[in-house]
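Student: Below are the sequence and a predicted model for it; my questions follow.
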Amino acid sequence: MTEMVKAENVHKYFGSLEVLKGVDLTVPAGGVSCVLGPSGSGKSTFLRCINHLEKLNAGRIMVDGELVGYRERGGKLHEMSERDIAKQRQSIGMVFQRFNLFPHMTVLDNVMEAPCRVKRESRAEVRERSLALLDRVGLAAKVDNYPGQLSGGQQQRVAIARALAMRPKLMLFDEPTSALDPELVGEVLEVMKGLARDGMTMIVVTHEIGFAREVADEVVFMDGGVVVEKGRPDEVITNPQQERTKAFLSKVL
Ligand SMILES: Nc1ncnc2c1ncn2[C@@H]1O[C@H](COP(=O)(O)OP(=O)(O)OP(=O)(O)O)[C@@H](O)[C@H]1O
């Protein structure tokens, strides 16, 4: 099994508040992990540590065999150079609750922006790839529109295409459907299911239990900065063992 993500004993503090208290997670290449848990349990912070948006205070994270961050408790952080961080971030796509597209740029230009600016790839190549990606997320007819002309679900699909345009080896989703009107959630989840079928490695923080049940290879339940329980969906969702998992699921199911 090739490990795409291996996180061990990750700790994160904001001031004196310990938000991650020793989180472990392994995702094999091509695997999908869905992270569930109540608000404030540290799910977003954990994703942000993987993507260098936060620095961990202790523990270790590897992505595709390369170190993201490492620190012995109380010791010095293994510092990656800014250049190595930038390079690694290019291989990790992230989709947030809020899509933050550039409002003054067309859908196509939003998708092309990062590969052209950051990777300096040829515009012609990026354009072809971006058009194919927009077709894949069902937005071939909208490439010349501006984000403000699209629904929330369409904008989130653009955000997914934008992340994919960088050809990531790992996709992180942080509650990608939480800001959407209920009738628009399904179209975004369908795109994500397609990605999973195509073998993309994904970590998905979500409250969509049905999606987790259908798509996840592993479901991870976090509460209070720790992984309370993890396993296959039929274990964690259908037959949870821990009281905290049962209490959470009884509220959301
Ligand atoms: N930059 C920050 N500075 C201080 N505290 C923070 C910061 N980011 C997050 N926190 C706190 O860390 C805790 C965990 O937040 P986090 O967003 O990781 O949880 P979550 O499980 O993703 O919750 P939600 O489902 O509401 O997004 C919360 O108490 C939050 O207030």
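Tutor: The structure has been received and is ready for your questions.

Student: Now for the nearest residue to residue 149 once chain neighbours are set aside, how many residues are close by?
Tutor: Closest residue to residue 149 apart from its sequence neighbours, by C-beta to C-beta, 6 or more residues apart in numbering: residue 142 at 7.8 Å. In this view, the C-beta of every residue, glycine as well, is placed from N, C-alpha and C. By other C-beta atoms under 10 Å, 20 other residues sit near residue 142.

Student: Kindly report the same for residue 191.
Tutor: 21.

Student: ok, now which ones touch it?
Tutor: 136-138, 157, 160 (C-beta atoms under 8 Å, 6 or more residues apart in numbering).

Student: for the stretch 151-253 of the chain, what spans make up the helices?
Tutor: Remark: helices assigned in the stretch 151-253 of the chain by DSSP state H, counting those that start in this stretch are 152-164, 182-197, 209-215, 233-236, 243-252.

Student: is it true that residue 156 touches residue 188?
Tutor: Yes. Judged on C-beta atoms under 8 Å, residue 156 makes contact with residue 188 at a distance of 4.9 Å.

Student: Which one of those two is surrounded by more residues?
Tutor: residue 156 (29 against 25).

Student: per-residue confidence at that one?
Tutor: Note for residue 156: predicted pLDDT of 97.

Student: coming back round to it: need the helices of the stretch 151-253 of the chain in a markdown table (columns: distance to residue 118).
Tutor: Below are the helices of the stretch 151-253 of the chain laid out as a markdown table (distance: least, C-beta to C-beta, whole Å):
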| stretch | distance to residue 118 |
| --- | --- |
| helix 152-164 | 12 |
| helix 182-197 | 21 |
| helix 209-215 | 29 |
| helix 233-236 | 36 |
| helix 243-252 | 38 |
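
Student: which parts of the protein sit against the ligand?
Tutor: 14, 19, 37, 39-45 (C-beta under 6 Å from any ligand atom).

Student: Touching both of residue 156 and residue 188, which residues are there?
Tutor: If you check residue 156 and residue 188 against C-beta under 8 Å, 6+ apart, the residues they both contact are 176-177, 180.

Student: Turn those into JSON lines, columns for pLDDT and neighbour count.
Tutor: Output for the shared contacts of residue 156 and residue 188, formatted as JSON lines (pLDDT from 0 to 100; neighbours: other C-beta atoms under 10 Å):
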{"residue": "176", "pLDDT": "97", "neighbour count": "28"}
{"residue": "177", "pLDDT": "97", "neighbour count": "25"}
{"residue": "180", "pLDDT": "95", "neighbour count": "20"}
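
Student: could you pull out the strands for this protein?
Tutor: 3-14, 17-28, 32-36, 58-63, 66-71, 92-95, 170-174, 201-205, 218-223, 226-231 (DSSP state E).

Student: Which one of the ones you listed has the poorest average confidence?
Tutor: Taking the mean pLDDT of these, strand 66-71 comes last: a mean of 81.

Student: Output it as PDB, nothing but the C-alphas.
Tutor: Taking C-alpha atoms only, strand 66-71 is exported to PDB below (Å, rounded to 0.1, in the frame of the first residue of the first chain):
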ATOM      1  CA  GLU A  66       7.600  13.900   1.700                       C
ATOM      2  CA  LEU A  67       7.600  15.700   5.100                       C
ATOM      3  CA  VAL A  68       5.000  18.400   5.600                       C
ATOM      4  CA  GLY A  69       6.000  19.100   9.200                       C
ATOM      5  CA  TYR A  70       7.600  17.500  12.100                       C
ATOM      6  CA  ARG A  71       8.200  18.500  15.600                       C
END
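
Student: I'd like the distance from that strand to the chain centre, please.
Tutor: Distance of strand 66-71 from the chain centroid (C-alpha atoms, centre = their mean, to the nearest Å) equals 18 Å.
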